[in-house]
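Participant: Sequence and predicted model, in that order:
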Amino acid sequence: MKAGGFDAIVVGGGHNGLTAAGYLGRAGLRVLVLERRDILGGAAVTEEVIPGHRVSFCSYFASMLMPTVIRDLELAKYGLRMVGSDPLLAVAMEPGRIVRWWADPERAASEIATINPRDAVTFLKVEKELKALAAYLQPFFLEPPPNLAATGLDRVREGWRLAKRFHRLKGKEIAQLIEFLTGSLGDYLDRKFESEEVKRLFLANNVYGKHGGPYEPGSAMGLLFHLLSGGDDAVQGFAGHVIGGMGAITQAMAASARDHGVETRTGAAVARILVEKGCATGVELDSGEVLRAPLILSNADPKRTFLTLLEPESLPGDFRREVAGIKMAGPSAKLNLALSREPTVLGRSPDADPRERSLLTMVPTLEGAQRIADAARRGEICDELWIDFVIPSLVDDTLCPPGKAMMTCFIQYLPWRPAEGTWDERRDELAQSIIRQISRYVPDLPELIEGQVLLTPLDLERTYGLTEGNIFHGDLNMGQLFAMRPTPGWSQYRTPIEGLYLCGAGAHPGGGVTGAPGHNAAKQVLRDRKAAR
């Protein structure tokens, strides 16, 4: 390394970029992280709605942050604290009626038994099967998928590595795994359960932000994703609040990285990744400043990385076409609210545990969810949406003044681009619709709002750099996962440009605040450096 230079530059200070930087810094590399915004964290940030009232603006609940990442980067040492949620879910079936999915399976089954005793028995069997399959999938999250373009001895090694993972599975388990990875959630639940309310409970525990409805192929896999081990205690199916909001995760990551020599710069938008003779050589900022390094790790999504930050002639034409074909079309929005006090939820005791009072999900029936998803594809904005809200201030008193409350609402089954008008033109309409829908279950909400910030799919692109507002850097469908992510032949974090790696959610294993893509990309960089010596 030349004096004053860097071994690696990370483009984007989101949680995966910071994770990758942290691992590289601990390995002795001099690393620079460049973030376009004035705050590190990407979509894992805590920001103000009004002065003194903060909330997790985009990602909002911790459920899949890899225990390995928490441990290796010593995030607890740097201030990370998570409080497990119990119940894991509280689903509003109708105004005044809430069904809860408790962390204790027996307690959850007891609640389900009040709806349908046979479904309660099935629930315990299904929950056990799902946890077993999720535990099998867990190791795949922290290693590269097989390279479909491998040849010769490398291909044999890839096949052997995959075979070692599969040899422990029995025939029935293989069939179950294939069913979850390729089948539809709706078909699975229709086969297993009788009660529509129990089906809605499972629907509420599926992947949030995925394009498409519950009767589409591949929609069942979200049940497994949410049962991965997470949190600092490696609890399977962990879900909970982060004290200080989701930004506390990325601030801990940044502090950990800096303690190991990593430099971070905010307000530093990368305009171009520089390439000479097929090799990455550095970046050019919007300001015109050029920074050099032989290794570039992009935490931007694949389309932004390859189609915006690189000159067309830098990449093979067929690769650019494959990247252009990645499905994005994010279906999500966020509404963040500052409230004068805790709102009243129908059917919930004001004396209930704060963790129970802090969350509520409003999901349609399976058929209704499919209908809304289909309408979103046509560019329509439905009057009934999937809404999940959290009142984190009930668990975390650092977010707002005493007596006040913060609410963050996740909305899905929206079109990336409305068929009529634009998101800027229809912003107020959407915000009013969301508040009206929540008010069926929380009637005093409108009178409590002191400030609000709505993030439409377009805002997610403009503000957070998420192409087409996709929170996962690309839809989580089977054609865009595992060895197909981001494209076939380029699933191991390398790219057609030597020295350029992809370290964000557009790489395996995909989205969610896991740290896995950043971990895996950094490990791949270190393996490649070792092999080149």
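Facilitator: Nice, thanks for sending it over.

Participant: Domain-wise, how is this protein divided?
Facilitator: Recorded structural domains for the chain (assignment: automatic domain parsing) are 8-83+243-326+476-532, 105-237, 329-464.

Participant: what about the longest one, average pLDDT?
Facilitator: Per-residue pLDDT over domain 8-83+243-326+476-532 has a mean of 97.

Participant: A helix includes Val121, no?
Facilitator: Yes. Under DSSP: H, G, I helix; E, B strand; the rest coil, Val121 sits within a helix.

Participant: quick one: which of the domains of the chain is nearest Glu94?
Facilitator: With CB to CB, the closest approach to Glu94 among the domains of the chain belongs to domain 329-464: 8.6 Å. (Each C-beta comes from the backbone N, C-alpha and C, glycine too.)

Participant: coming back round to it: same list (the domains of the chain) but as TSV, adding distance to Asn470.
Facilitator: Formatted as TSV, the domains of the chain follow (distance: least, CB to CB, whole Å):
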stretch	distance to Asn470
domain 8-83+243-326+476-532	7
domain 105-237	8
domain 329-464	4
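
Participant: Please identify the most buried of these.
Facilitator: Ranked by mean neighbour count, the domains of the chain are led by domain 8-83+243-326+476-532 with a mean of 21 (mean count of other CB atoms under 10 Å).

Participant: just for the stretch 301-450 of the chain, where's the confidence low?
Facilitator: Along the stretch 301-450 of the chain, segments meeting pLDDT under 70 are nowhere present.

Participant: Spell out the residue ranges of the strands in it.
Facilitator: Secondary structure of the stretch 301-450 of the chain (DSSP state E, counting those that start in this stretch): strands at 332-339, 359-362, 386-390, 405-412, 449-455.

Participant: what about those, which gets the closest to Ala293?
Facilitator: Proximity to Ala293, assessed across those by CB to CB, is greatest for strand 449-455 (32.6 Å).

Participant: Can you give the distance of the helix or strand following that closest one from its chain's centre?
Facilitator: Later in the chain than strand 449-455, the nearest helix or strand by DSSP states H and E is helix 457-464. Chain-centre distance of helix 457-464: 15 Å, with CA atoms, centre = their mean, to the nearest Å.

Participant: any residues touching helix 457-464, and which ones?
Facilitator: 37, 42-43, 58, 330-334, 414-417, 422-424, 455, 466-471 (CB atoms under 8 Å, 6 or more residues apart in numbering).

Participant: quick revisit: out of the domains of the chain, which is closest to Ala92?
Facilitator: domain 329-464 (4.8 Å).

Participant: related to what we said a few turns ago, of the domains of the chain, which is nearest Val99?
Facilitator: domain 105-237 (5.7 Å).

Participant: hang on, the earlier thing: tell me which of the domains of the chain sits nearest to Ile98.
Facilitator: Taking the domains of the chain one by one with CB to CB, domain 329-464 is closest: 4.9 Å.

Participant: start to end distance for that closest one?
Facilitator: 15 Å (CA to CA, to the nearest Å).

Participant: How about stretch 239-255?
Facilitator: Counting by CA to CA, you get 24 Å between the two ends of stretch 239-255.

Participant: so how far is it from its chain's centroid?
Facilitator: 14 Å.

Participant: repeat for stretch 390-407
Facilitator: Computed by CA atoms, centre = their mean, the separation of stretch 390-407 from the middle of its chain amounts to 23 Å.

Participant: and it, C-alpha only, in PDB?
Facilitator: Taking C-alpha atoms only, stretch 390-407 is exported to PDB below (Å, rounded to 0.1, in the frame of the first residue of the first chain):
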ATOM      1  CA  VAL A 390     -44.400  -0.800  16.000                       C
ATOM      2  CA  ILE A 391     -44.500   1.700  18.900                       C
ATOM      3  CA  PRO A 392     -40.800   1.300  20.000                       C
ATOM      4  CA  SER A 393     -41.000   4.100  22.500                       C
ATOM      5  CA  LEU A 394     -42.900   1.800  24.800                       C
ATOM      6  CA  VAL A 395     -39.800  -0.300  25.100                       C
ATOM      7  CA  ASP A 396     -37.100   2.300  24.400                       C
ATOM      8  CA  ASP A 397     -37.300   5.600  26.300                       C
ATOM      9  CA  THR A 398     -34.400   7.100  24.400                       C
ATOM     10  CA  LEU A 399     -36.500   7.900  21.300                       C
ATOM     11  CA  CYS A 400     -38.700  10.700  22.500                       C
ATOM     12  CA  PRO A 401     -39.600  12.900  25.600                       C
ATOM     13  CA  PRO A 402     -41.500  11.300  28.500                       C
ATOM     14  CA  GLY A 403     -45.200  10.900  27.900                       C
ATOM     15  CA  LYS A 404     -44.800  11.100  24.100                       C
ATOM     16  CA  ALA A 405     -44.800   8.100  21.700                       C
ATOM     17  CA  MET A 406     -43.200   7.100  18.400                       C
ATOM     18  CA  MET A 407     -44.900   4.900  15.800                       C
END
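
Participant: Identify all contacting residues around that stretch.
Facilitator: Stretch 390-407 is contacted from outside by 46, 49, 52-56, 60-61, 83, 241-245, 336-343, 354-355, 357-359, 389, 408, 448, 450, using CB under 8 Å, 6+ apart.

Participant: With distance to Glu311 as extra columns, can I get the strands of the stretch 301-450 of the chain in TSV?
Facilitator: Listed next are those as TSV, based on distance: least, CB to CB, whole Å:
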stretch	distance to Glu311
strand 332-339	31
strand 359-362	45
strand 386-390	40
strand 405-412	36
strand 449-455	31
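
Participant: Let me know which of the ones you listed is the nearest to Gln236.
Facilitator: strand 359-362 (19.6 Å).

Participant: Quick check, pLDDT for the closest residue to Gly231 other than its chain neighbours.
Facilitator: The shortest distance from Gly231 to any non-neighbouring residue, by CB to CB, 6 or more residues apart in numbering, is to Phe238 (3.9 Å). Here, the pLDDT recorded for Phe238 equals 84.

Participant: Secondary structure element holding Phe238?
Facilitator: Going by DSSP H and E, Phe238 is not in any helix or strand.

Participant: right, and it touches Met66 too?
Facilitator: No. At 10.9 Å, Phe238 does not count as touching Met66 under the criterion of CB atoms under 8 Å.

Participant: from what I can see Arg417 touches Ile381, true?
Facilitator: No. Counting by CB under 8 Å, Arg417 does not reach Ile381; the two are 11.1 Å apart.

Participant: ok, which stretches of the stretch 51-200 of the chain are strands?
Facilitator: Along the stretch 51-200 of the chain, the segments classed as strands by DSSP E, counting those that start in this stretch run 53-56, 82-84, 89-94, 97-101.

Participant: now those strands as CSV including distance to Leu476?
Facilitator: Listed next are those as CSV, based on distance: least, CB to CB, whole Å:
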stretch, distance to Leu476
strand 53-56, 21
strand 82-84, 24
strand 89-94, 20
strand 97-101, 22
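
Participant: Identify whichever of those lies nearest to Gly504.
Facilitator: That would be strand 53-56 among these, by CB to CB, at 18.9 Å.

Participant: which helices and strands sit right next to the closest one?
Facilitator: strand 46-50, strand 332-339, strand 405-412 (3 or more CB pairs under 8 Å, 6 or more residues apart in numbering; DSSP states H and E).
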